[in-house]
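**Student:** below is the structure, and that's it, no one-letter string:
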């Protein structure tokens, strides 16, 4: 009975370790980091193997439909090339214009990281996702995460080989946003988020797009969502504006991160 | 020492190649558990050292500190309970014991994981993974029975 007692105690401690994230405590974190650093070369090798195996499997699975898929992608790529040329022309015009009015204009190249979603929020409110990239891929807190042209969220905790992303559905999520060229604060929520500080005289209407705003950074205006409801609350100076996020978190299996802090 | 080296290799293989193939932490064939099972059977009165270190290796590689350690400890407790009451004279008995214990262990891990995160489990993929796991234990149990008969 005594030996079972010790085993049950160990079981209890390990469950505690899992649930309380004790690995983030200073002392245990150091030990954990040390253990990870010992096997760091293995981690790098592991990353390469995962990537190559996935590529091999994807290639094998898609082999049958490769021709059809290729034709479709070639057409899409052609459209993007055309768009790129148009953007390049715009960039040149803007550069010329900025010289004339003596305004600094700089186009920065953004560095991207591609990641897979490994777990979702069990509460059903989609407040966070876990992705398979962490310190090993050089991630840090505050990185912008998106899928297609839609904002998914912001990295809020980075672990050794994974990270947690706070999504646009989370109540703890707030970010600078813009709609109809005016700046607001977007605050997350499920099923709808909110635009804060919308004055009564602001001409917003249902269906207007809400985009990411980054006045001091060179981040693209990713789509946060669309306005679904506007109401006035008593004698308040502001309107209550509800925003339906554009992203469907449960359908996101891969996402992209911009290597720049907000 | 040989056990720990093999454990490290299997944990690495499981967390890199198999995880990439099965995409899902919960449906990866748990070859390490099968290897641990055979090794614990060989011991008269097994300690927690082997399950703890095997779980730690897997947790380190899969960034899930505590999840696999608790799963393996749980498995080890039930195994010692089973060993104290039953003999496993044939491969069929061994397989049956492993099926019961590993399913209990999987259920434990899924419950713990589900309490913190959500991840869809594909039943077909799970079945395929389990068949691979059972094939592996059939393969490695040959050595165990040869040793017992000697």
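**Tutor:** In hand now; what should we look at? Here the structure is a predicted model, which is why all the values come from computation and not from measurement. Numbering: from 1, shown residues only, chains lettered A, B, ... in the order given.

**Student:** what does the pLDDT read for residue A:189?
**Tutor:** Residue A:189 carries a pLDDT score of 93 in this model.

**Student:** quick check: phi and psi on the nearest residue to it once chain neighbours are set aside?
**Tutor:** Nearest residue to residue A:189 in three dimensions, chain neighbours excluded: residue A:171, at 5.7 Å (CB to CB, 6 or more residues apart in numbering or on different chains). The way it works is simple: take the backbone N, C-alpha and C, and place the C-beta from them, glycine included. The phi/psi pair for residue A:171 (degrees, to the nearest 10) reads phi -70, psi -20.

**Student:** burial count for residue A:171?
**Tutor:** Residues contacting residue A:171 under the criterion other CB atoms under 10 Å in any protein chain shown number 14.

**Student:** now swap in the one 5 residues further on and tell me
**Tutor:** The burial count assigned to residue A:176 is 14, neighbours taken as other CB under 10 Å.

**Student:** and what of residue B:12?
**Tutor:** 21.

**Student:** wait, isn't it in contact with residue A:46?
**Tutor:** Yes. Contact criterion CB atoms under 8 Å: residue B:12 and residue A:46 qualify, at 6.5 Å.

**Student:** got any residues that touch both of the two?
**Tutor:** Each of residue B:61 lies in contact with both residue B:12 and residue A:46 under the rule CB atoms under 8 Å, 6 or more residues apart in numbering or on different chains.

**Student:** for chain B, which residues are neighbours of chain A?
**Tutor:** Within chain B, the positions lying close to chain A (CB under 8 Å from any CB of the partner chain) are B:12, B:15-17, B:19-21, B:23, B:25, B:48, B:52, B:55-56, B:60-67, B:69-70, B:73-74, B:76-77, B:80-81, B:112-119.

**Student:** now the residue in chain B that chain A sits nearest to: phi and psi?
**Tutor:** Relative to chain A, the nearest point of chain B is residue B:66 (2.8 Å; CB to the nearest CB). The phi/psi pair for residue B:66 (degrees, to the nearest 10) reads phi 110, psi -30.

**Student:** before we move on, what SS does the closest residue to residue A:136 other than its chain neighbours have?
**Tutor:** Using CB to CB, 6+ apart and skipping the chain neighbours, the partner closest in space to residue A:136 is residue A:161 (5.2 Å). Under DSSP: H, G, I helix; E, B strand; the rest coil, residue A:161 falls in the coil class.

**Student:** what about residue A:161, neighbour count?
**Tutor:** 22.

**Student:** cool, residue B:128 as well?
**Tutor:** Quick note: residue B:128 (other CB under 10 Å) scores 15 neighbours.

**Student:** so residue B:38 makes contact with residue B:140?
**Tutor:** Yes. Assessed by CB under 8 Å, residue B:38 is found in contact with residue B:140 at 5.5 Å.

**Student:** helix, strand or coil: sort out residue A:152 for me.
**Tutor:** Recorded secondary structure, residue A:152: strand (three-state DSSP).

**Student:** distance check, it against chain B.
**Tutor:** Per CB to the nearest CB, to the nearest Å, residue A:152 is found 16 Å from chain B.

**Student:** now do the same end-to-end measure for stretch A:161-178.
**Tutor:** 34 Å (CA to CA, to the nearest Å).

**Student:** now swap in stretch A:162-175 and tell me
**Tutor:** Taking CA to CA as the measure, stretch A:162-175 stretches 23 Å from start to finish.

**Student:** does chain B sit close to whichever strand or helix holds residue A:6?
**Tutor:** Following DSSP states H and E, one finds residue A:6 within helix A:2-20. Yes. Using CB under 8 Å from any CB, we find that helix A:2-20 touches chain B at A:3-4, A:6-8, A:10-11, A:14-19.

**Student:** re earlier: buried members of the residues of chain B next to chain A into ChimeraX, please.
**Tutor:** Command for ChimeraX, covering only those of the residues of chain B next to chain A found buried under the criterion 16 or more other CB atoms under 10 Å in any protein chain shown:
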select /B:12,15,16,17,19,20,21,23,25,48,52,55,56,60,61,62,63,64,65,66,67,69,70,73,74,76,77,80,112,113,117,118,119
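
**Student:** could I get the pLDDT score of residue B:147?
**Tutor:** 62.

**Student:** with residue A:62 instead?
**Tutor:** pLDDT for residue A:62: 69.

**Student:** burial count for residue 8?
**Tutor:** Chain wasn't specified; assuming chain A. 13.

**Student:** wrong chain, I was asking about chain B
**Tutor:** 18.

**Student:** which residues are in contact with it?
**Tutor:** residue B:57.

**Student:** so it, which of the three states?
**Tutor:** Using three-state DSSP, the structure places residue B:8 in helix.

**Student:** which residue is nearest the centroid of chain B?
**Tutor:** residue B:33 (1.4 Å; CA atoms, centre = their mean).

**Student:** so what touches the helix or strand containing it?
**Tutor:** Taking DSSP H and E as the definition, residue B:33 sits inside helix B:31-42. With CB under 8 Å, 6+ apart as the test, helix B:31-42 has contacts from B:3, B:6-7, B:10-11, B:13-14, B:18, B:46, B:50-51, B:54, B:57-58, B:71-72, B:75-76, B:79, B:83, B:88, B:94, B:98, B:101-102, B:105, B:132-133, B:136-137, B:140-141, B:143-144, B:147.
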